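Enquirer: Provide a 3D model corresponding to the input given below.
(2 chains)
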Amino acid sequence: DAGVIQSPRHEVTEMGQEVTLRCKPISGHNSLFWYRQTMMRGLELLIYFNNNVPIDDSGMPEDRFSAKMPNASFSTLKIQPSEPRDSAVYFCASIGQGALSNQPQHFGDGTRLSIL
Amino acid sequence: AQTVTQSQPEMSVQEAETVTLSCTYDTSESDYYLFWYKQPPSRQMILVIRQEAYKQQNATENRFSVNFQKAAKSFSLKISDSQLGDAAMYFCAYRTNTGNQFYFGTGTSLTVIP
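Expert: Next up, the predicted model:
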């Protein structure tokens, strides 16, 4: 059974460039989460979707960040324009709805983003 | 909003010994769920153990067990017979009963000394 799939695994780009991170949740899961992890701030929730609808985007740092979920099997997190302080590991996680609430989030392997 | 606190940024343990990682949380809910995740250097987030707040019995998974003290809002993780492969960052997480929101602590970095 495939887990949460994120791409790319690593991304290095120059400041000012547009960055797009991708996520495919586990089939049948209908809640999807984007997190950012840094040494200074730990694991921060950026946004989460329920049935493809954004429910809470209060963690999105600023307008340069946007996230979409056009269908149940795909989501993107976009940064435009990127800045060096955006360098972090970005995780996507998913969870099934209707399941017992003791269900954990299933995480992808993350994308390590470096903005030069 | 709920908060999760891990007061030990770093811990170390001798191989084969026992170590306890602490976690406290703040909530006004009576029903919720708690988790411990392990993040090794490969950066995968791996579920270690989970606990339902309505259960009085502490969860156990092989060498991993929890000490859940609901009144004190404490949820510590005990690792027995520590192994080199246990070296990782450990995150405590809280899930509300009313939605899919998760709250994570800042993590404890565990070193296992051979």
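
Enquirer: tell me where the chain has strands.
Expert: Picking chain A for this. Taking DSSP state E as the test, the strands found in chain A are A:5-7, A:10-13, A:19-24, A:31-38, A:42-50, A:53-56, A:65-71, A:74-79, A:88-95, A:106-107, A:111-115.

Enquirer: other chain: chain B
Expert: Taking DSSP E as the test, the strands found in chain B are B:3-5, B:10-14, B:19-21, B:24-26, B:32-39, B:46-52, B:60-61, B:64-69, B:74-79, B:88-96, B:102-104, B:108-113.

Enquirer: sorry, back to before: okay, the strands of chain A in JSON lines with mean pLDDT and distance to B:A88 next?
Expert: (C-beta placed from N, C-alpha, C; glycine too.) What follows is the strands of chain A, written out as JSON lines (pLDDT from 0 to 100; distance: least, C-beta to C-beta, whole Å):
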{"stretch": "strand A:5-7", "mean pLDDT": "97", "distance to B:A88": "20"}
{"stretch": "strand A:10-13", "mean pLDDT": "96", "distance to B:A88": "21"}
{"stretch": "strand A:19-24", "mean pLDDT": "98", "distance to B:A88": "23"}
{"stretch": "strand A:31-38", "mean pLDDT": "94", "distance to B:A88": "14"}
{"stretch": "strand A:42-50", "mean pLDDT": "91", "distance to B:A88": "14"}
{"stretch": "strand A:53-56", "mean pLDDT": "91", "distance to B:A88": "28"}
{"stretch": "strand A:65-71", "mean pLDDT": "96", "distance to B:A88": "28"}
{"stretch": "strand A:74-79", "mean pLDDT": "97", "distance to B:A88": "25"}
{"stretch": "strand A:88-95", "mean pLDDT": "96", "distance to B:A88": "15"}
{"stretch": "strand A:106-107", "mean pLDDT": "94", "distance to B:A88": "14"}
{"stretch": "strand A:111-115", "mean pLDDT": "97", "distance to B:A88": "17"}
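
Enquirer: make a markdown table out of those and add mean neighbour count and distance to B:T108.
Expert: Shown next, in a markdown table, are the strands of chain A (neighbours: other C-beta atoms under 10 Å in any protein chain shown; distance: least, C-beta to C-beta, whole Å):
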| stretch | mean neighbour count | distance to B:T108 |
| --- | --- | --- |
| strand A:5-7 | 17 | 25 |
| strand A:10-13 | 14 | 26 |
| strand A:19-24 | 19 | 27 |
| strand A:31-38 | 23 | 15 |
| strand A:42-50 | 20 | 11 |
| strand A:53-56 | 13 | 26 |
| strand A:65-71 | 15 | 29 |
| strand A:74-79 | 19 | 27 |
| strand A:88-95 | 24 | 18 |
| strand A:106-107 | 20 | 18 |
| strand A:111-115 | 18 | 22 |
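
Enquirer: what does chain B put close to chain A?
Expert: B:33, B:35, B:37, B:42-45, B:47, B:50, B:52, B:91, B:93, B:95, B:97, B:100-102, B:104-107 (C-beta under 8 Å from any C-beta of the partner chain).

Enquirer: no further queries at this time; thank you.
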